[in-house]
Structures are given as structure tokens and as C-alpha cells.
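In: give the three-dimensional model of this entry:
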Amino acid sequence: MRSEYRLEPVDHSALAIARQLHAVQMSAYAQEAQLLGATYFPPLERTVDELRTYPEEFVAAFIEDQLVGAVSVWPDPEGLGANIASLVVAPPYQRRGIGRRLLATVLAKRGGGVVTVQTGARNVPALTLYAQAGFVELRRWLVGHEPLELVKLYRPASLTPESSENAA
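Out: Below you'll find the model as predicted:
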């Protein structure tokens, strides 16, 4: 049985919301680190207090009063448009369309402008989600001691939110 969920903007500077966001991020990032084979994964080092100060806009997914996923957006550091800083769904709630709907919400709000995101190059579920929404690879690079391969993707401005939803 699929639980109904709702999306809404949230104030991540509020302590109660920040704690819920942080819990979902930590569970999703722990899963991603395992998927990537990373023993050191910097997103797992983030604290609730740091999250409260992020200059990002958050939209969260809720099932009843439980926060189960979220997406955050801020300007791309390279000036390419908007950047998805984080898109996470708590592992028990994955594969229900929550991540896809969070992504569609961001794309609709950005009105067809360029949107970027970066993820681990071996994160096949994320790469598949973004490819289905019209994202293409911009570049790859290695970071850290292990090293970890990252990939930056972008969604060209020529795509409208409707065309990317139809492709998905």
C-alpha cells in the first residue's frame, strides 16, 4: 500500500524542521556512501546547526507529520543557473515517486532555466532519475583520499518542465 505524501516549502532554520531534515539526510547519505563504496563521505559530517544556516530553499515531502524527503536549491556556484544542493528520500520511503516529484517541483519552479546537480558517478539510481528528467553530463572529477568520482550534470534551459516530465 502506498502512503499519500504532500510537498511543501519548509523553513530549515527552525530547529524542529532542521532536525527532521538532518535525520533524513543522514540516512540517505549513509546509504549513498555505501552505494559508492566511500569510507569517508563529507555530507555525513554535516550538523543540524550547519543545516540551519544553509543559504538554500527547501521543499520537503511529508507522510502525515513525518518528513520523509527533501530537496534544496541555491544558485549554481559557477553561475550556470539553479543548483540542486541536496535531493534525499529516507530509505524506507524510496521507490514511491517522492524523489521524482521533488525534482519535478524544482524544475517547474525554475521555469525552464538551467538547473545543475552533482552526485557520485556510481550512484546509478540518482543518475537514472536525472537522465530521465533531461539532465546531461557536464564533467567528472575525483575528490578525497579514496578517491571518489563525482559527476556534475545540467539540465539545458531549452527543456521545459512539461517536456522533462513527459520524458520521465
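
In: just give me the neighbour total for the closest residue to residue 91 other than its chain neighbours.
Out: Once flanking residues are discounted, residue 91 sits nearest to residue 31: 5.2 Å by Cβ to Cβ, 6 or more residues apart in numbering. Using the backbone N, CA and C atoms, a C-beta is placed for each residue, glycine as well. Residues lying near residue 31 (other Cβ atoms under 10 Å) number 17.

In: next, residue 31: secondary structure please.
Out: For residue 31, the assignment made with DSSP: H, G, I helix; E, B strand; the rest coil gives helix.

In: relative to residue 94, how far out is it?
Out: 8 Å (Cβ to Cβ, to the nearest Å).

In: likewise residue 60?
Out: Residue 60 is 15 Å from residue 94, by Cβ to Cβ.

In: more neighbours, these two?
Out: Using other Cβ under 10 Å, the more surrounded residue of residue 60 and residue 94 is residue 60, with 23 against 16.

In: and after the host helix or strand of that one, which helix or strand comes next?
Out: Assigned by DSSP states H and E, residue 60 falls within strand 57-63. Next in sequence after strand 57-63, counting helices and strands by DSSP H and E, comes strand 66-75.

In: quick check: buried residues in that following strand?
Out: Buried residues in strand 66-75, counted by 16 or more other Cβ atoms under 10 Å: 67, 68, 69, 70, 71, 72, 73.

In: and it, what does it pack onto?
Out: Counting contacts by 3 or more Cβ pairs under 8 Å, 6 or more residues apart in numbering; DSSP states H and E, strand 66-75 is packed against helix 15-36, strand 57-63, strand 82-89, helix 98-109.

In: still on that earlier bit, residues in contact with the strand holding residue 60: which ones?
Out: The contact list for strand 57-63 (Cβ atoms under 8 Å, 6 or more residues apart in numbering) reads 3-12, 17, 20-21, 67-74, 89, 93, 98, 101-102, 105-106.

In: then stretch 8-23?
Out: 46-49, 51-54, 56-60, 62, 66-67, 70, 72, 90.

In: again, only this time at 10 Å
Out: 46-54, 56-62, 65-70, 72, 86, 88, 90, 105, 109 (Cβ atoms under 10 Å, 6 or more residues apart in numbering).

In: what subset of these is buried?
Out: Buried among the contacts of stretch 8-23 by 16+ other Cβ under 10 Å: 48, 51-52, 54, 56-62, 67-70, 72, 86, 88, 90, 105.
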